[in-house]
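>>> sequence below, structure please.
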Amino acid sequence: MTAVGYSENYNRLLDNGGTIFTDSLLGVKEIVTREEPDAMLYDTDTYIDNEYYIAKMKKAFPFGIVTAGDSIKDLEIDIIDSFANINLLYQRLTGSQEILIKSYELVDCQVEELEGYSLFHYSMDIDVNKESMLYVQIPDQNQRYMIYLNDEVMTLPALENESNQFFPDYFVTGLVSCGAHKEETVKVDIVCASEPETFASVGVLNLGLMYEAVDVQNKYGREVDAGKNNLHYNIDVDKDDQYLMIPISYDGGYRVVRNGVTIEAETAINGAFIYIPLVRGTNDIEIKFYPTGLFAGCLISLGGALLAVLYIVFARKLDKCKYINSFAYYSFWICTAGMFAYIYVWQFFKTIVLYAKVFKYLYSL
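Predicted coordinates:
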């Protein structure tokens with residue numbers, strides 16, 4: 001998800017960052033905010049305790065997207081440029097060659113000399129004609145930045161600091177939203193203390209193109225019903241070789257039944273979505289989740305309970321048998337050592353190998 005602009009803090013993926021397009025794809029259609037939501041994007045449903053708004057997107061993708069063939073399943077995205085990744089995702093999803101987000105690199109620099117130090121200003125005036133969302137992407141996060149929108153510094157709420165004005169910060173590492181605009185010129189100014197290794201860029205997301213894609217998806221007749229551990233779809237498609245892409249992280253514990261026949265659940269975009277093949281006509285799909293290892297775990301628990309009962313029943317007889325006591329003693333320590341080796345030694349080794357691969361990849365860039 002970081003490849004499409006979401007923030008992360010160490011190994012924790014966060015829900016801020018991204019774009020309205022990716023939020024909608026992931027089923028995030030409502031927001032809770034203290035500021036009045038943008039009427040261009042949201043309908044305000046509720047106002048809680050005179051402090052928080054709950055708002056819903058005016059137009060959003062349905063929960064589950066119909067895609068053509070393997071267009072999304074085989075998608076490979078680059079972690080460097082979120083705007084390019086989102087454009088590729090949009091094109092694969094719609095079959096269009098249009099650009100959803102036009103990107104402008106901030107390369108023109110003006111140096112402001114102050115007493116004892118300098119500030120580097122990377123700015124641009126962007127003409128926005130159609131309804132659009134503006135986002136700032138800053139790849140080089142080895143220093144801190146301030147972002148000015150129409151000469152006013154932006155507030156970027158961070159962990160334990162709602163009035164934070166610096167990027168990056170805790171929970172603020174992804175794309176920065178600069179709001180919705182239409183028929184106006186927007187000045188974006190990014191300020192830092194030294195020249196960045198990679199230039200920042202501004203992306204202008206065309207809401208009209210996004211809404212056209214939403215309208216296409218809403219033409220498919222579908223019914224969705226969610227239970228505690230199951231999801232039921234009834235969807236009609238008029239072509240072969242189509243898939244249903246559901247914004248639920250893939251796991252081997254999902255079981256999919258389509259029109260009474262069990263089929264294999266597949267994965268798309270690095271496990272971020274479940275990918276289900278469809279047939280022409282009506283597709284009645286039942287998705288159930290069984291945690292991986294649940295059956296084996298139940299058998300082990302049942303076997304352990306049975307052994308405990310047998311031990312209690314025959315405890316006195318077993319105490320008189322030194323061979324059984326020795327076997328139990330050494331078995332306990334062998335199992336303990338094995339678990340220690342697996343959890344601490346083997347997993348530590350795998351972590352070191354993973355970090356080595358990451359550093360090797362970063363060094364090759």
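
>>> now do Lys102 against Ile126, distance only.
Per Cβ to Cβ, to the nearest Å, Lys102 is found 9 Å from Ile126. Every residue, glycine included, has its C-beta placed from N, CA and C.

>>> report the set of residues contacting both of the two.
The contact sets of Lys102 and Ile126 overlap at Val204 (Cβ atoms under 8 Å, 6 or more residues apart in numbering).

>>> these two: which is more packed in?
Under the criterion of other Cβ atoms under 10 Å, the comparison of Lys102 against Ile126 puts Ile126 first, with 17 against 14.

>>> show me what that one is bridged to.
Counting by DSSP bridges, Ile126 forms beta bridges with Val186.

>>> please state the offset of stretch 88-97 from the chain centre?
Centroid displacement of stretch 88-97 relative to its chain, using Cα atoms, centre = their mean, to the nearest Å, is 19 Å.

>>> shaky segments in this structure?
Low-confidence segments of the chain (pLDDT under 70): 9-15, 45-49, 74, 78-79, 311-325, 328, 357-365.

>>> which residues of it fall in helices?
Listed in chain order, the helices of the chain (DSSP state H) span 20-25, 82-94, 207-218, 294-313, 315-319, 322-340, 347-364.

>>> now the angle from the second one to helix 207-218?
So that's helix 82-94. Orientation check (axes from the mean of the first three to the mean of the last three Cα atoms, to 10 degrees): helix 82-94 against helix 207-218 gives 30 degrees.

>>> sorry, back to before: Asp225 is nearest to which of the helices of the chain?
helix 207-218 (17.8 Å; Cβ to Cβ).

>>> who are the packing partners of that closest one?
helix 20-25, helix 82-94 (3 or more Cβ pairs under 8 Å, 6 or more residues apart in numbering; DSSP states H and E).

>>> those helices: which one's closest to Ala60?
Nearest of the helices and strands packed on helix 207-218 to Ala60, taken as Cβ to Cβ: helix 20-25 at 4.4 Å.

>>> CA-only coordinates of that closest one in CSV, if you can.
Extracted in CSV, the C-alpha atoms of helix 20-25 (Å, rounded to 0.1, in the frame of the first residue of the first chain):
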residue,chain,number,x,y,z
ILE,A,20,-9.5,9.4,-2.9
PHE,A,21,-9.3,6.9,-5.8
THR,A,22,-7.4,4.3,-3.8
ASP,A,23,-9.5,4.9,-0.7
SER,A,24,-12.6,4.2,-2.8
LEU,A,25,-11.1,1.0,-4.3
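
>>> just checking, what packs against that helix?
Counting by 3+ Cβ pairs under 8 Å, 6+ apart, the packing neighbours recorded for helix 20-25 are strand 52-57, helix 82-94, helix 207-218.

>>> domains of the chain?
Listed domain ranges for the chain are 2-214, 220-289, 294-364 (source: automatic domain parsing).

>>> buried residues in stretch 17-28?
17-26 (16 or more other Cβ atoms under 10 Å).

>>> now do the strands in the stretch 51-200 of the chain.
Under the criterion DSSP state E, counting those that start in this stretch, the stretch 51-200 of the chain contains strands at 52-57, 65-68, 101-105, 109-114, 117-128, 132-137, 145-149, 152-153, 176-181, 184-192.

>>> nearest to Gln217, of those strands?
Judging the strands of the stretch 51-200 of the chain by Cβ to Cβ, what sits closest to Gln217 is strand 65-68, at 5.8 Å.

>>> relative to the closest one, what are the paired strands and their orientations?
Assessed with DSSP bridges, strand 65-68 is paired to strand 242-246 (antiparallel).

>>> just to revisit the earlier point, now tabulate the strands of the stretch 51-200 of the chain in TSV and tack on distance to Met1.
Shown next, in TSV, are the strands of the stretch 51-200 of the chain (distance: least, Cβ to Cβ, whole Å):
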stretch	distance to Met1
strand 52-57	19
strand 65-68	16
strand 101-105	17
strand 109-114	31
strand 117-128	26
strand 132-137	15
strand 145-149	22
strand 152-153	28
strand 176-181	16
strand 184-192	24
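
>>> from these, which stretch is densest packed?
Highest mean neighbour count of those: strand 132-137, a mean of 23 (counted as mean count of other Cβ atoms under 10 Å).

>>> and Ser194, how many neighbours does it have?
Neighbours around Ser194, by other Cβ under 10 Å: 12.

>>> residue contacts, it?
120, 143.

>>> try it again with 10 Å
117-120, 140, 142-143 (Cβ atoms under 10 Å, 6 or more residues apart in numbering).

>>> identify the farthest-apart pair in these.
With Cβ to Cβ as the measure, no two of the contacts of Ser194 lie farther apart than Tyr117 and Asp140, at 18.7 Å.

>>> thinking again about what came up before, make CSV from the helices and strands packed on helix 20-25 and add distance to Gly227 to it.
Converted to CSV, the helices and strands packed on helix 20-25 look like this (distance: least, Cβ to Cβ, whole Å):
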stretch, distance to Gly227
strand 52-57, 23
helix 82-94, 28
helix 207-218, 23
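
>>> which of those sits most buried?
Ranked by average neighbour count under the criterion mean count of other Cβ under 10 Å, the helices and strands packed on helix 20-25 are headed by helix 82-94 at a mean of 21.
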